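> attaching a predicted model along with its sequence, questions to come.
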Amino acid sequence: MARVRYRPPMALETVYFDTADRDLSANGVTLRRRTGGTDAGWHVTIGTGDRRIAMQSARGSGDAADLTVPSRILDLVRVHTRCRALTQIARLNTRRTVVDLMDGQGHLLAEVSDDRVAAASVGLRAESRVQHWREWAVEVIDARAEGLLDGVGRLLETAGARVSAAGSTVEKVVGPTADPLDPQAPLAGHGNTTGHDGGSLGVRSVLTATVRAQLKVLKGWDPLVRRDVEDSVHQYRVACRTLRSLLQTYAPLLDPEATRAVVKDLRKLGRLLSVARDAEVARDQVAQRIGALPGGRGGPVAVLIHARAVKRLQRSQARRYATAHARQLRRMRGAWYAEVLDRLDAFALEVPLRADLPPQDAADAAESMVPLAADQVDTVLALAAAVGPGEGPGEGPGERLERMHGVRKEAKRLRYAVKAVQDATGLDLGTELAARMRTAKALQEVLGEHRDSVLFQQHVLTTSRRAAARGEDTFGYGVLFAAELALQARTEAEAEALVARLAGSGRPDASDG
């Protein structure tokens with residue numbers, strides 16, 4: 001840093017919004033409207049890290065009386081607010097002075113804001129009490145100036161500043177709020193989700209913590225799906241399937257009626273996403289498959305595929321994805337979706353166990369859950385044995401492909417049901433099951449590669465027939481279709497080897513890594 005530049009002081013007014021139960025704050029979401037300054041308008045911040053969303057809308061920024069949340073911002077928080085009204089919870093008046101830190105060439109490196117704040121809660125018992133404080137904030141503008149943070153921080157501490165104990169500005173005014181669906185939050189009448197029953201992790205604690213953790217993942221992807229962020233549809237769908245796999249695998253421990261209703265909701269959610277996801281995969285496969293041909297995209301094989309064929313293959317799936325995604329958003333913005341989320345929340349608050357579950361079974365999660373996961377291994381093996389090396393008598397390739405898909409789904413269920421529990425609670429399900437789970441993951445991935453190849457072939461064949469009807473050259477489609485045969489043969493051989501390993505003792509070996 002070589003220079004500083006002082007900006008004229010500015011007056012800001014910021015109003016924070018939330019539901020009456022503070023649903024946004026509980027889920028790490030901040031929604032505010034600011035007037036004055038350079039960033040006047042509506043702001044929403046969701047999540048942290050790689051999946052953090054920050055959006056600003058200038059709508060109404062010039063009218064202090066306009067407190068209607070813009071629809072595109074409201075849409076991003078619907079997963080938490082559902083049909084509940086948003087209301088003001090805090091109001092801040094700030095006199096801000098900004099100092100720019102610059103290098104010798106006059107490039108802006110960082111901004112130091114010096115705020116004098118008067119704040120009061122709104123609609124709460126303490127709203128008549130006005131709080132006053134002064135705070136500093138440092139924002140790095142140029143990534144090369146990250147080292148400035150420590151130096152500026154030390155300088156401010158020397159001047160009397162101290163790190164704020166509040167998690168956010170709004171918490172200073174209305175206080176923190178707890179998320180009742182946090183994986184570590186207490187269970188009603190049953191202690192914490194991390195508590196132990198009789199020296200072992202209890203079934204209720206383990207399953208509740210795991211369901212809550214996966215539900216949080218699902219909600220985290222919701223606003224990204226709405227904004228059509230890359231891979232968000234896939235990840236949201238994985239969260240749905242993980243929850244469903246968890247409940248189906250450990251169903252003998254759970255209340256059957258409550259679990260059946262939630263599984264039904266999750267299945268509908270998964271189907272809602274399936275068309276968009278399949279179209280997304282097929283669209284992206286076109287460039288991947290051409291690049292995988294001998295010699296790559298510019299090689300002697302790829303040049304046989306006409307550019308018109310490439311565009312037709314990609315555009316048809318892009319249109320299919322856009323249509324499916326729009327349909328998906330309409331459902332997510334309707335009452336049905338809000339009702340599904342309400343039911344999932346109620347289920348996750350305390351996962352209901354079977355009324356007749358013996359106390360000793362409920363007290364030791366590992367003892368009760370490992371045999372159920374082992375049963376899932378047996379299901380995978382039974383389905384794999386039915387696939388066989390070729391079509392059965394009077395059976396076409398479609399039936400065999402569906403049986404292979406069934407093996408993949410059951411292997412995926414095994415993997416998700418085991419991994420979700422381990423990630424959420426650290427429960428030790430034993431080395432044998434852990435080894436088999438790794439094999440199931442490899443089997444799922446290989447069979448997934450096989451199924452994607454088959455679906456891509458079908459897309460190529462369908463598109464080639466449309467092109468032929470228009471009198472276009474279809475030789476390139478045949479090249480792409482034929483190229484998939486080798487991949488399918490390879491993945492089938494790999495799947496057979498993995499099934500044989502899964503049928504073994506399950507003891508880790510060198511290939512289990």
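That came through fine.
> shaky segments in this protein?
Across the chain, the ranges flagged by pLDDT under 70 are 1, 48-51, 59-65, 124-128, 166, 188-200, 388-397, 505-513.
> show me what the biggest helix by length in it is packed up against.
Determined from DSSP state H, the single longest helix within the chain is helix 431-469. Here helix 431-469 touches helix 256-292, helix 307-332, helix 365-387, helix 397-425, helix 475-502, going by 3 or more C-beta pairs under 8 Å, 6 or more residues apart in numbering; DSSP states H and E. Yep, even glycine has a C-beta here, placed from its N, CA and C like the rest.
> could I get those in a markdown table, plus columns for mean neighbour count and distance to residue 224?
Output for those, formatted as a markdown table (neighbours: other C-beta atoms under 10 Å; distance: least, C-beta to C-beta, whole Å):
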| stretch | mean neighbour count | distance to residue 224 |
| --- | --- | --- |
| helix 256-292 | 18 | 13 |
| helix 307-332 | 17 | 12 |
| helix 365-387 | 18 | 30 |
| helix 397-425 | 20 | 20 |
| helix 475-502 | 17 | 30 |
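> how about the ones you listed, which one is nearest residue 148?
For residue 148, the closest of those is helix 397-425, at 37.0 Å, according to C-beta to C-beta.
> phi, psi of the residue nearest the centre of the chain?
The residue lying closest to the centre of the chain (C-alpha atoms, centre = their mean) is residue 221, at 3.5 Å. Phi and psi for residue 221, reported as degrees, to the nearest 10, are phi -80, psi -20.
> so where does the residue lying closest to residue 83 once chain neighbours are set aside fall, helix or strand?
Spatial nearest neighbour of residue 83, chain neighbours left out: residue 338 (5.5 Å); criterion: C-beta to C-beta, 6 or more residues apart in numbering. Applying DSSP states H and E as the criterion places residue 338 in helix 335-349.
> touching that helix from outside, list them.
Applying C-beta atoms under 8 Å, 6 or more residues apart in numbering, the contact partners of helix 335-349 are 78-79, 82-83, 180-181, 188, 208, 211-212, 215, 218-219, 243, 258, 261-262, 265, 268-269, 331.
> for the helix or strand following that helix, name the packing helices and strands.
Using DSSP H and E, the helix or strand that follows helix 335-349 towards the C-terminus is helix 359-363. Applying 3+ C-beta pairs under 8 Å, 6+ apart, one finds that helix 359-363 makes contact with helix 203-226, helix 365-387.
> list the contacts for residue 69?
With C-beta under 8 Å, 6+ apart, residue 69 has these contacts: 17, 31, 33, 42, 86.
> can you tell me the SS state at it?
Classification of residue 69 using DSSP: H, G, I helix; E, B strand; the rest coil returns coil.
> can you pull the phi and psi angles for it?
The phi/psi pair for residue 69 (degrees, to the nearest 10) is phi -70, psi 130.
> then the lengthiest strand in the chain to PDB, C-alphas only?
What stands out as the longest strand in the chain, according to DSSP state E, is strand 87-102. Below are the C-alpha coordinates for strand 87-102, written out as PDB (Å, rounded to 0.1, in the frame of the first residue of the first chain):
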ATOM      1  CA  THR A  87     -41.500  -9.000   8.100                       C
ATOM      2  CA  GLN A  88     -39.000  -6.400   9.300                       C
ATOM      3  CA  ILE A  89     -37.000  -7.600  12.300                       C
ATOM      4  CA  ALA A  90     -34.300  -4.900  12.500                       C
ATOM      5  CA  ARG A  91     -33.600  -1.400  11.300                       C
ATOM      6  CA  LEU A  92     -30.100   0.200  11.200                       C
ATOM      7  CA  ASN A  93     -29.100   3.800  10.500                       C
ATOM      8  CA  THR A  94     -25.400   4.100   9.700                       C
ATOM      9  CA  ARG A  95     -23.000   6.900   9.000                       C
ATOM     10  CA  ARG A  96     -20.200   5.400   6.900                       C
ATOM     11  CA  THR A  97     -16.800   6.700   6.100                       C
ATOM     12  CA  VAL A  98     -14.800   4.700   3.600                       C
ATOM     13  CA  VAL A  99     -11.000   4.800   3.200                       C
ATOM     14  CA  ASP A 100      -9.500   3.400   0.000                       C
ATOM     15  CA  LEU A 101      -6.100   1.700   0.200                       C
ATOM     16  CA  MET A 102      -4.200   2.000  -3.000                       C
END
